[in-house]
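**Q** requesting a structural model of the entry that follows:
(one chain, ligands or ions: 1)
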Amino acid sequence: MNIVYLNGIYLPMAEARISPMDRGFLFGDGIYEVIPSYDGRLVGFDPHMKRLQDGLDAIEIRLPVDHAAWREVAGQLIAQNGGGNLGIYIHISRGADIRRNHAYPEDISPTTYAFAFEIPPAPVPEKAAATCYTVATTEDLRWRRCNIKSTALLGNVMHYQHGHALGHKETILHNEAGELTEASACNVFVVKNGIVATPQLDHQKLPGITRLMVLEILRRDGSIPVEERVVTMKELKDADEVWLTSSSKEIAPVVEVDGKPVGNGKVGDVWLAAQTLYTAHKFDF
Ligand code: PDD
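**A** The predicted structure is shown next:
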């Protein structure tokens with residue numbers, strides 16, 4: 001167990017070594033992805049690869065993302081680590097230089113690292129079985145390039161810790177104008193009168209793959225209206241339902257925001273319908 005991939009080689013995690021001059025270590029200069037898998041089946045592999053390429057392009061790490069090669073790495077990690085419910089973490093940093101210089105060096109090669117880690121079993125679409133969340137809220141104080149899935153996550157970590165210190169497992173963030181951005185490691189949805197809404201994509205949030213899949217699955221089905229638009233803190237507080245989405249959580253119901261119940265404080269009917277559709281269609285991506 002705990003076989004990892006580092007620069008083309010599979011080896012035990014305890015034996016994996018990178019240079020202390022790696023720019024991922026010194027500057028958080030890298031891009032990452034987390035892809036869930038259940039019994040060897042990956043969820044959203046191609047959209048995750050596309051986002052990885054977008055991130056590398058955005059920070060000018062010149063490395064074409066070879067979908068087939070990464071699929072092979074993911075398959076090897078799943079096989080060598082016993083299968084089951086595994087997240088595949090992929091990390092590409094700009095690489096190691098011999099000196100610390102802010103400018104992108106021209107002649108170094110990227111460090112590529114991947115490992116598998118256990119994730120909870122996939123949520124089942126049953127109200128009684130749902131993992132419910134309580135959350136804190138706070139102003140989003142991260143940088144203005146949150147659309148890039150950068151390994152420099154201290155801003156996210158500090159926001160997560162804010163909620164954690166208050167006994168919660170997430171923190172929902174809003175900008176100066178009182179508009180929701182996302183959560184420290186999830187996207188956010190609200191439901192009011194049967195209509196699902198999530199903040200529109202821009203530099204203030206990560207284009208989550210689960211978010212993308214939820215929107216596409218709901219739109220294709222057509223029975224639940226969805227909107228991508230500005231969502232305010234007031235709407236969050238007045239919502240009938242609030243959901244968090246991420247690769248390992250899928251769609252997670254939030255039952256309490258800042259100590260106040262969401263709607264009737266119970267898991268909602270729209271969550272049940274959405275998670276049912278997601279469970280049925282998540283392997284289509
Ligand atoms: N977090 N927003 C942020 C800031 C995130 O870190 C994540 C994912 C998401 C949801 O994205 P996706 O649906 O593609 O998982 C939204 C990952 C899982 C993490 O950092 O562990």
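**Q** from here on, contacts and neighbour counts on C-alpha atoms
**A** Will do.
**Q** secondary structure element for L215?
**A** Using DSSP states H and E, L215 sits in helix 209-221.
**Q** direction included, what does the helix or strand just after that helix pair up with?
**A** Counting by DSSP H and E, the element after helix 209-221 in chain order, helix or strand, is strand 226-228. In the sheet, strand 226-228 lines up against strand 195-198 (parallel) (DSSP bridges).
**Q** what residues does the partner strand touch?
**A** 188-191, 224-231 (C-alpha atoms under 8 Å, 6 or more residues apart in numbering).
**Q** mind listing what the residue sitting nearest the centre point of the chain touches?
**A** Among the residues of the chain, the one closest to the centroid is S246, at 4.7 Å (C-alpha atoms, centre = their mean). For S246, the contact set (C-alpha under 8 Å, 6+ apart) comprises 185-187, 208-211.
**Q** identify the bridge partners of it.
**A** Per DSSP bridges, the residues bridged to S246 are E250.
**Q** what's the distance between it and R94?
**A** 26 Å (C-alpha to C-alpha, to the nearest Å).
**Q** just A129 next, same as before
**A** The value you get for A129 to R94, if C-alpha to C-alpha is used, is 42 Å.
**Q** G259 now?
**A** Going from G259 to R94 by C-alpha to C-alpha gives 42 Å.
**Q** ditto for H162
**A** Here H162 is placed at a distance of 30 Å from R94 (C-alpha to C-alpha).
**Q** and if you look at V188?
**A** 31 Å.
**Q** more neighbours, G259 and R94?
**A** R94 (27 against 11; other C-alpha atoms under 10 Å).
**Q** for that one, give me its contacts.
**A** Contacts of R94 by C-alpha under 8 Å, 6+ apart are 22-24, 29-30, 61, 108-111.
**Q** phi and psi next, for it.
**A** phi -70, psi -20 (degrees, to the nearest 10).
**Q** just L244 next, same as before
**A** The phi/psi pair for L244 (degrees, to the nearest 10) is phi -110, psi 140.
**Q** circling back: ok, the contacts of S246 vs Q275, which is closest?
**A** The shortest approach to Q275 among those belongs to T210, at 11.4 Å (C-alpha to C-alpha).
**Q** what's the neighbour count on the closest one?
**A** T210 has 25 neighbours, counted by other C-alpha under 10 Å.
**Q** let me see the ranges of the strands in the stretch 151-285 of the chain.
**A** Per DSSP state E, counting those that start in this stretch, the stretch 151-285 of the chain carries strands over the ranges 171-174, 180-183, 187-192, 195-198, 226-228, 241-246, 250-257, 260-261.
**Q** show me what the first one is packed against.
**A** Other elements packing on strand 171-174 under the criterion 3 or more C-alpha pairs under 8 Å, 6 or more residues apart in numbering; DSSP states H and E are strand 133-139, helix 154-165, strand 180-183.
**Q** farthest pair in the contacts of strand 195-198?
**A** Most distant of the contacts of strand 195-198, by C-alpha to C-alpha, are I224 and V230, 18.7 Å apart.
**Q** before we move on, the earlier item: so what touches the helix holding L215?
**A** Residues from elsewhere that reach helix 209-221 (C-alpha under 8 Å, 6+ apart): 44, 47-48, 187, 224-226, 245-247, 250, 274, 277-278, 281-282, 285.
**Q** in PyMOL, how would I select the buried members of the contacts of R94?
**A** One line in PyMOL is enough to select the buried members of those, burial here meaning 16 or more other C-alpha atoms under 10 Å:
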select buried, resi 22+23+24+29+30+61+109+110+111
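**Q** and F283, how far from the ligand?
**A** Using C-alpha to the nearest ligand atom, to the nearest Å, we find F283 at a distance of 14 Å from the ligand.
**Q** pLDDT wise, what is that residue at?
**A** Listed pLDDT for F283 reads 97.
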